[in-house]
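Undergrad: no sequence on hand, only this structure:
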């Protein structure tokens with residue numbers, strides 16, 4: 001009785017007969033993902049050169065390469081055969097780490113914002129001074145980090161072309177992880193003025209001013225670092 005109630009009317013059956021549904025078996029594949037046996041940092045590829053190196057051509061990726069090296073992690077592998085389209089939120093770097101609970105050995109993929117926490121989990125806490133000689137050195141380090149993440153980072157992003165990916169082409173107005181406007185102090189004015197009929201949008205970036213701030217910051221940093229092996233007499237670099 002239930003089958004009769006749920007059966008389709010004959011006119012619909014005749015219509016659907018022109019569009020038969022075929023179910024095909026799964027296509028076997030010889031590809032098998034290799035097990036992750038060591039932490040692997042996904043980065044943009046290095047610049048083409050006569051003598052190839054392992055330094056990424058991307059500012060963000062190079063920053064985290066240096067971070068891992070300065071924290072003393074020597075067992076981290078590199079991959080630059082994966083584009084930003086395959087990264088978390090379309091942004092590199094990502095850190096792929098082995099996961100014991102993963103049955104297929106695929107491990108876990110971490111965004112850049114989680115790399116520092118993962119490193120702390122591997123090496124353990126370093127104490128309230130975070131490796132610096134005293135509280136004053138720690139506070140001064142925070143000031144230098146702010147300078148580097150601001151004027152220096154902004155200049156490197158501004159004068160380095162952003163890699164073009166499929167993700168950026170499909171979403172040309174996607175927000176970046178750190179817009180250059182947030183790195184500059186004071187923030188740049190909008191492209192449109194108060195008397196414009198158009199609403200305020202975009203930013204007017206003064207490239208010569210950004211370059212000048214960059215030169216001053218690098219000069220000050222070089223003078224402060226001197227010949228010391230570690231910045232501000234610290235045992236390691238954490239930021």
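TA: Thanks, I have it. Computed from a predicted model, the values in this text were never measured in an experiment.
Undergrad: after the helix or strand of the chain with the lowest mean pLDDT, next one along is what?
TA: Using mean pLDDT, DSSP states H and E, the weakest-scoring helix or strand in the chain turns out to be helix 166-170, at a mean of 50. Next along the chain after helix 166-170, taking DSSP states H and E as the criterion, comes helix 207-225.
Undergrad: low-confidence stretches in this structure?
TA: 1-6, 29-34, 49-52, 100-106, 125-126, 130-131, 160-179, 181-182, 188-204, 229-239 (pLDDT under 70).
Undergrad: and residue 217, what does it touch?
TA: When contacts are counted by CB atoms under 8 Å, 6 or more residues apart in numbering, residue 217 touches 147, 148, 151, 152. From N, CA and C alone the C-beta is placed, and that goes for glycine too.
Undergrad: so how far is residue 152 from it?
TA: 5 Å (CB to CB, to the nearest Å).
Undergrad: and for residue 120?
TA: According to CB to CB, residue 120 and residue 152 sit 25 Å apart.
Undergrad: look at these two and report which has more neighbours.
TA: Counted by other CB atoms under 10 Å, residue 120 and residue 152 do not tie: residue 152 has more neighbours, with 20 against 13.
Undergrad: quick check, that one in contact with residue 214.
TA: Yes. Between residue 152 and residue 214 there is a contact at 5.8 Å, judged by CB atoms under 8 Å.
Undergrad: got the domain ranges for this structure?
TA: Following automatic domain parsing, the chain resolves into domains at 34-125, 128-195+202-239.
Undergrad: now do the strands in the chain.
TA: For the chain, the strands defined by DSSP state E cover 40-42, 77-79, 94-97, 108-111.
Undergrad: mind giving me the packing neighbours of the second one?
TA: If you count contacts as 3 or more CB pairs under 8 Å, 6 or more residues apart in numbering; DSSP states H and E, strand 77-79 packs onto strand 40-42.
Undergrad: quick one: which of the contacts of residue 217 is nearest residue 65?
TA: Using CB to CB, residue 148 comes nearest to residue 65 of the contacts of residue 217, at 15.4 Å.
Undergrad: show me the contacts for that closest one.
TA: So residue 148 contacts 217, 221 (CB under 8 Å, 6+ apart).
Undergrad: for residue 37, see how far away it is.
TA: Computed as CB to CB, the residue 148 to residue 37 distance reads 34 Å.
Undergrad: now swap in residue 23 and tell me
TA: According to CB to CB, residue 23 and residue 37 sit 39 Å apart.
Undergrad: out of those two, which sits in the more crowded spot?
TA: More neighbours surround residue 37 than the other of residue 23 and residue 37, with 11 against 4 (other CB under 10 Å).
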